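Peer 1: This is a predicted model, with the sequence first.
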Amino acid sequence: MGTVLPWVNYLEICTINDELSRMDEAFIFRIFKSQHLRMSYISSEGVYLVHDETVNEPEIKLVLFEKDSVTSQYRRVGWRNRLVPPNSCAAIHCFPPMLIEKPLPVSTLLNIEISVPREKEEIQKYLFPDDWWKDIEPEKCKTENH
């Protein structure tokens, strides 16, 4: 992953909680372990962390989302996020269901086809409302270029 995104030490992948919940968690952990990947869950944030057992970085964050029954928007999972009112979309990263209606478009990352949200960068407007349009130079690049 470092060759794709050399300026970060993690990759975030949005995952729908209902789809992941249909699978046996122990089975998922065993699959990752068979590939020398360690998996842990942060219940407060609704995030699975995946690490290669042989190196510290990079890390993959599977960020879980679920459909909110009040707003009909998708929102972050996790007990900390459930303490926030459902209409506080900036805090819990809400986005409309139309962006993930199936069948999803497919893109390639590291020679692997993955499903991606509809409307290209539209989901970025919901997940990063304050700076989705900005071209921000990553800190790692700033220190290497100066």
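Peer 2: Perfect, I can see it now.
Peer 1: State which helix of the chain is the longest.
Peer 2: helix 25-34 (DSSP state H).
Peer 1: Work out the gap between that one and the centre of the chain.
Peer 2: 19 Å (Cα atoms, centre = their mean, to the nearest Å).
Peer 1: After it, heading C-terminal, what element do we hit next?
Peer 2: Next in sequence after helix 25-34, counting helices and strands by DSSP states H and E, comes strand 37-42.
Peer 1: what about the strands in this protein?
Peer 2: With DSSP state E as the criterion, the chain has strands at 10-16, 37-42, 47-52, 59-67, 74-76, 106-109, 112-115.
Peer 1: Of all those strands, which one is nearest Met98?
Peer 2: Evaluated with Cβ to Cβ, these place strand 74-76 nearest to Met98, the distance being 10.3 Å. Glycine gets a C-beta too; all of them are placed from N, C-alpha and C.
Peer 1: Remind me what the closest one packs against, helices and strands.
Peer 2: Applying 3 or more Cβ pairs under 8 Å, 6 or more residues apart in numbering; DSSP states H and E, one finds that strand 74-76 contacts strand 59-67, helix 89-92.
Peer 1: Could you figure out how far the longest one is turned away from helix 25-34?
Peer 2: So that's strand 59-67. Comparing the axes of strand 59-67 and helix 25-34 via axes from the mean of the first three to the mean of the last three Cα atoms, to 10 degrees yields an angle of 160 degrees.
Peer 1: could you say what helices and strands strand 59-67 packs with?
Peer 2: When contacts are defined as 3+ Cβ pairs under 8 Å, 6+ apart, strand 59-67 sits against strand 10-16, helix 17-21, strand 47-52, strand 74-76.
Peer 1: cool, and the shortest one?
Peer 2: With contacts defined as 3+ Cβ pairs under 8 Å, 6+ apart, the packing partners of helix 89-92 are strand 74-76.
Peer 1: Tell me which residues are up against the strand it packs on.
Peer 2: 16, 45-46, 63-68, 81, 86, 89, 92-97, 100 (Cβ atoms under 8 Å, 6 or more residues apart in numbering).
Peer 1: at 6 Å instead, please
Peer 2: With contact meaning Cβ atoms under 6 Å, 6 or more residues apart in numbering, strand 74-76 is reached by Gly46, Phe65, Lys67, Asp68, Ile92, His93, Cys94, Phe95.
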